[in-house]
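>>> only the shape, not the letters, is given here:
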């Protein structure tokens, strides 16, 4: 199944996006950043309360997306004995999809005051993107918890270490289940955070487009869906391919992927930029020329200290210095406000019409 869309829906999306772009010009630049990529829980589904998160955010982070983790790490006694793993690299046991995460996020959000809720954008993650029923799960969550959710994700298709550990069929960029999910996200207006490695780990240069061509085709098939590509495709051992900057430029300039945005989260992805001046300068140049397409997020999972939560923002100081003040404000604050405010408006309208 592929996206067909409708003239009316496309017009509504364009109008809302234009409104958001105008708002970005007057975006409040107070605070250090809005967090476009945050996980309240870890892979054992343990984490922070809403109050603890807001205390971490303080005055420095006006808003944050509120995401659980879609995967639970199995605690296999045969594998780790009495050691209870809370990260996927700590055991050979399987990962499995954990749908209760969405109810947990919803109840955490509902326990907060309206003023506190206004600072958070809850996300639906408890679905298997290889399951044709994934879109039905999302619909069910929206109708069970109206007024709560703003988006989908972060969820993964191809992810180093993680994908091979997931019990059952792995997700695929060419799976109709993913099309059905992204179609529905576009219909509702859910902003979608997608993780897909830009290349396979240790890929030789001649095979560097193996994932990229499939990814670009999939992104272009869903023009009414606002998609944030997590970590610009990088990972722990997924290093920037030789043509990485050119790949990003292609996605940024092709009108068929104008619906795609890029988050610069995760310290394991940022390390490549921070130790390579050419890459750092190249990404800063892309941001200065495409100031509406990048967002900052921490990608921390249940951080227990302010030091951990703010470490990536602090590490990115060399990047912030390479951006104009207006572009820096866009990447750190305004693009989040524009995209997530537009999503809130669209999702609440869908709920009024369908719930």
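That came in fine, so what should we check first? Remember, it's a predicted structure, so these values are computed and weren't measured experimentally. Numbers count the residues shown, from 1 in each chain.

>>> how much space is there between the most centrally placed residue in the chain and residue 229?
The chain has residue 193 as the residue nearest its centroid, 2.9 Å off, counting by Cα atoms, centre = their mean. Computed as Cβ to Cβ, to the nearest Å, the residue 193 to residue 229 distance reads 8 Å. C-beta here means a position set from N, CA and C on the backbone, and glycine is covered the same way.

>>> what is in contact with those two at once?
Common neighbours of residue 193 and residue 229, using Cβ atoms under 8 Å, 6 or more residues apart in numbering, are residue 263.

>>> what is the burial count for the nearest residue to residue 258 once chain neighbours are set aside?
Excluding the flanking residues, the one nearest residue 258 by Cβ to Cβ, 6 or more residues apart in numbering is residue 223, at 7.5 Å. If you count neighbours by other Cβ atoms under 10 Å, residue 223 ends up with 19.

>>> what's residue 223 sitting at in phi/psi?
Phi and psi for residue 223, reported as degrees, to the nearest 10, are phi -70, psi -20.

>>> for the remainder of this discussion, apply numbering that starts at 59.
Okay, using 59 as the starting number, the last item reads as residue 281.

>>> residue 321 contacts residue 370, doesn't it?
No - taking Cβ atoms under 8 Å as the definition, residue 321 is not a contact partner of residue 370, at 11.2 Å.

>>> those two - which one has more neighbours?
Between residue 321 and residue 370, residue 321 has the larger neighbour count (other Cβ under 10 Å), namely 27 against 23.

>>> who's in contact with residue 195?
Counting by Cβ under 8 Å, 6+ apart, residue 195 makes contact with 157, 182, 184-185, 189.

>>> next one: the residue nearest to residue 190 when sequence neighbours are not counted from residue 148, what distance?
The shortest distance from residue 190 to any non-neighbouring residue, by Cβ to Cβ, 6+ apart, is to residue 235 (4.7 Å). For residue 235, the distance to residue 148 equals 29 Å [Cβ to Cβ].

>>> which of those two has more neighbours?
Using other Cβ under 10 Å as the criterion, residue 235 and residue 148 rank with residue 235 on top: 20 against 16.

>>> what's next to the helix or strand harbouring the more buried one, contact-wise?
Using DSSP states H and E, residue 235 maps to helix 234-246. By Cβ under 8 Å, 6+ apart, the surrounding residues in contact with helix 234-246 are 59-61, 63, 67, 71, 185, 187-190, 192-193, 196-197, 200, 209-210, 215, 229-230, 250, 276, 279-283, 285, 404-405, 408.

>>> ok so, going back, distance-wise, check the residue nearest to residue 190 relative to residue 228.
Using Cβ to Cβ, residue 235 is found at 11 Å from residue 228.

>>> who touches both of the two?
Here residue 235 and residue 228 share the contacting residues residue 188, scored by Cβ under 8 Å, 6+ apart.

>>> closest to residue 342 among the contacts of residue 195?
Checking the contacts of residue 195 against residue 342 with Cβ to Cβ, the nearest one is residue 182 at 33.1 Å.

>>> neighbours of that closest one, how many?
With other Cβ under 10 Å as criterion, residue 182 counts 31.

>>> correct me, but residue 125 touches residue 105?
No - using Cβ under 8 Å, residue 125 is not in contact with residue 105, being 10.7 Å away.

>>> before we move on, the earlier item: what's the following helix or strand past the helix holding residue 235 in contact with?
Note on helix 234-246: by DSSP H and E, the next helix or strand toward the C-terminus is strand 249-253. Contact partners of strand 249-253, identified using Cβ under 8 Å, 6+ apart, comprise 94-95, 123, 125, 179, 181, 208-215, 217, 240, 243, 283-289, 321, 397-398, 400-401.

>>> next step: those residues restricted to strands.
Judged by DSSP state E, strands contain the following of these: 123, 179, 181, 209-214, 285-287, 321.

>>> biggest separation within these, which pair?
179 and 214 (19.6 Å).

>>> so between those two, which is more surrounded?
Applying other Cβ under 10 Å to residue 179 and residue 214 shows that residue 179 carries more neighbours, namely 28 against 21.

>>> that'll do, ta.
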